[in-house]
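> quick one, fold the following:
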Amino acid sequence: AEEAEAVVAQIRSAGGRAILAQADVSVSAEVTDMAARVAAELGAIDILVNNAGVAVTGVSEEDFDRGIAVNLKSAFLCTEAVLPGMTARHWGRIVNISSGAARGPGLLGVIYNASKAGLEGLTRGYASRTAKDGITVNAIAPGPTDTEMAAPLKAGGVEARIPVGRMGQAEDIAQATIMVIGNEFITGQTIAVNGGLAFL
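Numbers count the residues shown, from 1 in each chain. As a prediction, the model looks like this:
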């Protein structure tokens, strides 16, 4: 919560409007309440970035349920919460943060791979349903990115495998996200942001 509060403070200090709306995005009622609060305090939700994610390296049924709930179900619930308003306004942008693991072996476990592959399917499905309503739906698929979740990859020397010679940064993912939000003709796509890792 401290990091989120710091982001809210930065946005406000730059002249923007922001609130901290905390929720378990894998629980329908919490997502509905969160979306209603944001709309009430900040206005209509025109842009949604589904960025919840958890690396699940185990393979128990409990691990599977948790991975799917956080990495896939949450995007479904958040999308469903904002879609009626976007449809009514005939404008919306939805960006799902996927992973290179959706299309390759990945390094964070089979459940992570499966959940992110499902997220890309969800992206294409919603894109085909919403294009006529002025809503685009795309996915960003980062390669190894310098985050807490990817710390074991960094420790294992993954940078040596990336053609550009470094891990991705949050700013790299943000720039790609802004790019698809700003383009009304891109929908149903997965944009790889991986420093050329796909070449290997």
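> looking at the protein, which strand is longest?
strand 135-142 (DSSP state E).
> what about it, average pLDDT?
For strand 135-142, mean pLDDT is 98.
> elements contacting that strand?
When contacts are defined as 3 or more C-beta pairs under 8 Å, 6 or more residues apart in numbering; DSSP states H and E, strand 135-142 packs onto helix 74-89, strand 92-97, helix 110-130, helix 170-181, strand 190-193. (Glycine included, C-beta is placed from N, CA and C.)
> only the buried residues of the helix or strand of the chain with the lowest mean pLDDT, if you could.
Of the helices and strands making up the chain, the lowest-confidence element is helix 151-155, at a mean of 86, by mean pLDDT, DSSP states H and E. Neighbour counts over helix 151-155 (16 or more other C-beta atoms under 10 Å) mark residue 153 as buried.
> contacts for that helix next, please.
107, 144, 146, 167 (C-beta atoms under 8 Å, 6 or more residues apart in numbering).
> for stretch 81-91, same thing?
31-32, 34-35, 39, 44-46, 48, 92, 94, 130, 133-135.
> buried sites along it?
Neighbour-count burial for stretch 81-91 [16+ other C-beta under 10 Å]: 81, 82, 83, 86, 87, 91.
> so how far is residue 126 from residue 79?
6 Å (C-beta to C-beta, to the nearest Å).
> anything in contact with each of the two?
Common neighbours of residue 79 and residue 126, using C-beta under 8 Å, 6+ apart, are 94, 137.
> please report phi then psi for the residue of the chain most remote from its centre.
Distance to the chain centre peaks in the chain at residue 160, reaching 25.9 Å (criterion: C-alpha atoms, centre = their mean). The phi/psi pair for residue 160 (degrees, to the nearest 10) reads phi -70, psi -20.
> so which of the helices and strands packed on strand 135-142 is the most packed in?
Greatest average neighbour count among the helices and strands packed on strand 135-142 goes to strand 92-97 (a mean of 24), per mean count of other C-beta atoms under 10 Å.
> what packs against that one?
Going by 3+ C-beta pairs under 8 Å, 6+ apart, strand 92-97 lies up against strand 47-50, helix 74-89, helix 110-130, strand 135-142, helix 170-181.
> break this structure down into its domains, please.
1-43, 46-199 (automatic domain parsing).
> distance of the nearest residue to residue 143 once chain neighbours are set aside relative to residue 126?
Distances taken as C-beta to C-beta, 6 or more residues apart in numbering put residue 194 closest to residue 143, at 2.7 Å, once the chain neighbours are dropped. From residue 194 across to residue 126, the span is 23 Å (C-beta to C-beta).
> likewise residue 169?
Taking C-beta to C-beta, one finds residue 169 at 28 Å from residue 126.
> wait, doesn't residue 17 sit right on residue 42?
Yes: with contact defined as C-beta atoms under 8 Å, residue 17 and residue 42 form a contacting pair (5.7 Å).
> quick one: which of the two has more around it?
residue 42 (13 against 10; other C-beta atoms under 10 Å).
> residue contacts, that one?
Taking C-beta under 8 Å, 6+ apart as the test, what residue 42 contacts is 17, 18, 19.
> of all the residues you listed, which comes closest to residue 178?
Residue 178 has its nearest neighbour among these in residue 18, at 16.9 Å by C-beta to C-beta.
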